[in-house]
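>>> need coordinates for the below:
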Amino acid sequence: MKIQLAAVALAAVMAGCAFTPPAPPQPADSPRVPVNLTAPLSSGGSHE
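This next block holds a predicted model:
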C-alpha cells in the first residue's frame with residue numbers, strides 16, 4: 001500500500017514539473033531604428 005501511495009505521489013510531482021506555460025509573444029524585428037541615424041556634428045579636430 002505504501003509503495004502504491006509513493007508511486008502515485010511521484011507521478012503527481014513529475015506531472016506537475018512537466019508543465020510549462022506558453023511563451024509570451026515576441027516583438028517584431030522590422031521596426032528597428034539604427035542608433036547612428038544622423039551624420040556626426042563635426043568633421044574632426046578637437047572635442048571641445
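
>>> can you pull out the strands in the protein?
Taking DSSP state E, the chain contains no strands at all.

>>> poorly predicted segments of it, please.
Counting by pLDDT under 70, the chain contains low-confidence residues at 16-18, 42-48.

>>> can you show me the helices along it?
2-17 (DSSP state H).

>>> gap between stretch 10-29 and the chain center?
Computed by CA atoms, centre = their mean, to the nearest Å, the chain-centroid distance of stretch 10-29 equals 13 Å.

>>> can you give me the end-to-end span of it?
43 Å (CA to CA, to the nearest Å).

>>> which positions in it come out as buried?
Judged by neighbour count using 16 or more other CB atoms under 10 Å, stretch 10-29 contains no buried positions. The way it works is simple: take the backbone N, C-alpha and C, and place the C-beta from them, glycine included.

>>> any idea how far Val8 is from Ser30?
The gap separating Ser30 from Val8 is 51 Å, by CB to CB, to the nearest Å.

>>> more neighbours, the two?
Val8 (10 against 5; other CB atoms under 10 Å).

>>> okay, the more buried one and Ala15: tell me how far apart.
Taking CB to CB, one finds Val8 at 11 Å from Ala15.

>>> same question for Ala7.
Noted for Ala7: a distance of 12 Å to Ala15, by CB to CB.
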